[in-house]
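Sequence first, then the predicted structure:
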Amino acid sequence: MFAKLLMIAILAVIAVGLVAHSSQGAGRERTYVVRPGDTLWSIAQSTHAGDVREAVWQIEQRNDLGSATLQPGQRLRLP
C-alpha cells in the first residue's frame, strides 16, 4: 500500500514539473531614462496605474536607490 502511494506521489510530482511553466504575467522589464526635472513621483505617476506611492516604493526597491535624488541620464528599471 505504501509503495503504491509513494509511486502515485512521485508520478504527480513529475507531472506537475512537466506541466508547470514560469509566469509571463509581469511582461518584459521596462527601462526609463531620467530627464531633467523628473522625480520618482512624476515617473511613477506617468508610468503606472493605481497607487503612486506603491509604484515609487517598487521603483526604489528595484533600483536599490539610497535616496530620491535622480540624475538626468540615469536609467531606472520599472516594475
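Everything's here; your move. Every value quoted in this text rests on a predicted model; they were computed, and no experiment measured them.

In the protein, which helix is the longest?
Ranked by residue count and defined by DSSP state H, the top helix of the chain is helix 2-19.

Pull out the buried residues from the helix or strand that that helix is followed by.
Towards the C-terminus, the helix or strand next in line after helix 2-19, according to DSSP states H and E, is strand 30-33. Within strand 30-33, the residues scored as buried using 16 or more other CB atoms under 10 Å are Tyr32. Yep, even glycine has a C-beta here, placed from its N, CA and C like the rest.

circling back to that earlier point, quick check: buried residues in the longest helix of the chain?
Under 16+ other CB under 10 Å, helix 2-19 has no buried positions.

what sits up against it?
Applying CB atoms under 8 Å, 6 or more residues apart in numbering, helix 2-19 has no contact partners.

Could you export that helix as CSV, CA atoms only?
C-alpha atoms of helix 2-19 as CSV (Å, rounded to 0.1, in the frame of the first residue of the first chain):
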residue,chain,number,x,y,z
PHE,A,2,2.8,2.4,0.9
ALA,A,3,4.6,1.6,-2.3
LYS,A,4,1.6,2.5,-4.4
LEU,A,5,1.1,5.8,-2.6
LEU,A,6,4.7,6.6,-3.0
MET,A,7,4.6,5.8,-6.7
ILE,A,8,1.5,8.0,-7.2
ALA,A,9,3.2,10.9,-5.3
ILE,A,10,6.3,10.6,-7.5
LEU,A,11,4.3,10.5,-10.7
ALA,A,12,2.2,13.5,-9.5
VAL,A,13,5.4,15.5,-8.8
ILE,A,14,6.8,14.6,-12.3
ALA,A,15,3.5,15.5,-14.0
VAL,A,16,3.5,18.9,-12.2
GLY,A,17,7.1,19.5,-13.2
LEU,A,18,6.4,18.8,-16.8
VAL,A,19,3.2,20.9,-17.0
